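Enquirer: below are the sequence and a predicted model; questions follow.
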Amino acid sequence: MRAYLAFMAPRLAEIWRLLRPDGSVYLHCDARASHYLKVMMDAIFGAANFRNEIIWCYTGPSNTKRWFPRKHDILLFYAKGKASTFNRDAVRVPYSDKFMARMKYAQNSGIIAGYSDGRDDAEVTASFGKGKVIEDYWTDIPAGGQISKQELLGYPTQKPLALLERIIKASTNPGDIVFDPFCGCGTALDAAHGLGRRWVGIDLTVLALEPMERRLRERHNLIPKVDYDIEGYPTTQQDAILLAEQNPHDFANWAVTRLGLSPTANSNDGGFDGTGKVLLWENSSAAAQLPVIAEVKSGRSLNLNQVRAFRTAMQDADAAIGIFITLHPVTRGMRNLAEAEGAIEHNGQRYPRLQFWHVTDAYFDDGLIPVSLPWQIDERPKAARHYGGEQTYF
């Protein structure tokens, strides 16, 4: 916990520095750290600028035996100062039908007879029709495990879009900038763009950039380096080479997620960097899982022994297909080794057991990867959690 708090303190101080006088911050945490973080936020933002401790409640299965199920997270809401934006009418929610029926009964029965602020019954009815400003406990937004399949990206700390939309509507106006320094798969950026706000996002892992780029492309037709700037994520072969030189591990993670595979936790020479399965539909009611692995070699010293070692890894992992990824051209000798591995057959087509992907500008131009799989894996990369999953933030 001390290491985590030491990590957070300078970042929260920098957030305070960057905020405009009318800006606000929402810090998401759980009950294990909220009390520490609140003291820290009081020191940085000032206790007078504390606005709410929002309890985000949700339901789901639980098997706890020594305590009550832990089914809420905490949002610490602080303002930069007295001039902070808060659009209460933008985040109203409808009153329940039961409440509206009781109110109507009270009016019709003469229980309500005039209002101290001078409004008549029609004005009050119209006011109630706008809905109420929701309390500081939110029960109407599902948690990560209940996000719809249409929205779900497979990112372990993904937040529901509705949660970020409520926050952004409440504390920003169209044209304002939304800054998410722990943006994960980009939910805040997605919500901000959809609501007409400008946005900036940062994340520690390169694995967050792929689902972020994909969701902005699919939902808003935004193209990196055309519609927005992006740093640390390859969009050309030269970018890929630079990433490989600066951080080979991040490059390997990026490359295997291009295939829809999950990065392995640890990989040494002779092992592999990514793993996953494709489905073989044998008939209308059953599907067989086909193991696939990938190895990434970004160095210039590409040789036959590396491919031979990967063939051994394929055998050890019982992989039906192996994909060898490189930034440099594959030699004829390597292709001979691939031909010797043979192929598998499915639905009358042959698929080489050992395949190569030489990353070139052609991939970045048309998005096609020159590999052949019986059933293309959907890209759902799993990103590593920060700090072992103890906390998640936006």
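Expert: Nice, thanks for sending it over.
Enquirer: quick one: mean pLDDT over the helix or strand encompassing V39.
Expert: Using DSSP states H and E, V39 sits within helix 34-45. Averaging pLDDT along helix 34-45 yields 96.
Enquirer: same question, stretch 273-290
Expert: In this model, stretch 273-290 has an average pLDDT of 73.
Enquirer: buried set for the helix or strand immediately after the helix holding V39 in the chain?
Expert: Counting by DSSP H and E, the next helix or strand C-terminal to helix 34-45 is strand 50-57. Residues of strand 50-57 classed as buried by neighbour count (16 or more other CB atoms under 10 Å): 51, 54-56. For every residue, glycine as well, the C-beta is placed using N, CA and C.
Enquirer: picking up where we left off before, quick one: the helix holding V39 to strand 50-57, angle?
Expert: Per axes from the mean of the first three to the mean of the last three CA atoms, to 10 degrees, the angle that helix 34-45 makes with strand 50-57 is 150 degrees.
Enquirer: in helix 34-45, what's buried?
Expert: Residues 34, 37-38, 40-41, 44-45 are the ones in helix 34-45 that count as buried (16+ other CB under 10 Å).
Enquirer: quick check: what element follows the longest strand along the chain along the chain?
Expert: Determined from DSSP state E, the single longest strand within the chain is strand 286-297. Per DSSP H and E, strand 286-297 leads on to helix 304-316 as the next helix or strand towards the C-terminus.
Enquirer: for that following helix, which helices and strands make contact with it?
Expert: strand 286-297, strand 321-326, helix 332-341, strand 354-358 (3 or more CB pairs under 8 Å, 6 or more residues apart in numbering; DSSP states H and E).
Enquirer: which of the ones you listed sits most buried?
Expert: For the helices and strands packed on helix 304-316, the largest average neighbour count (mean count of other CB atoms under 10 Å) is found in strand 321-326, namely a mean of 24.
Enquirer: adjacent strands (with direction) for that strand?
Expert: Using DSSP bridges, the strands paired with strand 321-326 are strand 286-297 (parallel), strand 354-358 (parallel).
Enquirer: just send the ones you listed back as CSV, with distance to N247 too.
Expert: Putting the strands paired with strand 321-326 into CSV (distance: least, CB to CB, whole Å) gives the following:
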stretch, distance to N247
strand 286-297, 12
strand 354-358, 19
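Enquirer: how about the helices of the protein, start to end?
Expert: For the chain, applying DSSP state H gives helices covering 2-18, 34-45, 97-108, 121-129, 161-171, 187-194, 209-220, 237-246, 248-258, 304-316, 332-341, 361-366.
Enquirer: which other residues reach the longest one?
Expert: Put plainly, it is helix 2-18. 25, 27, 33, 36-37, 40-41, 44-45, 80, 179, 181, 387, 390-391 (CB atoms under 8 Å, 6 or more residues apart in numbering).
Enquirer: same question for the shortest one.
Expert: For helix 361-366, the external contacting residues (CB under 8 Å, 6+ apart) are 234-237, 258, 368-369.
Enquirer: what residues are bridge-paired with F324?
Expert: Counting by DSSP bridges, F324 is bridged to E295, F356.
Enquirer: show me what contacts it?
Expert: When contacts are counted by CB under 8 Å, 6+ apart, F324 touches 294-295, 297, 307, 310, 330, 334, 354-357.
Enquirer: next step: the contacts of helix 361-366 restricted to strands.
Expert: Of the contacts of helix 361-366, none are assigned to strands by DSSP E.
Enquirer: right, I'll call it a day here.
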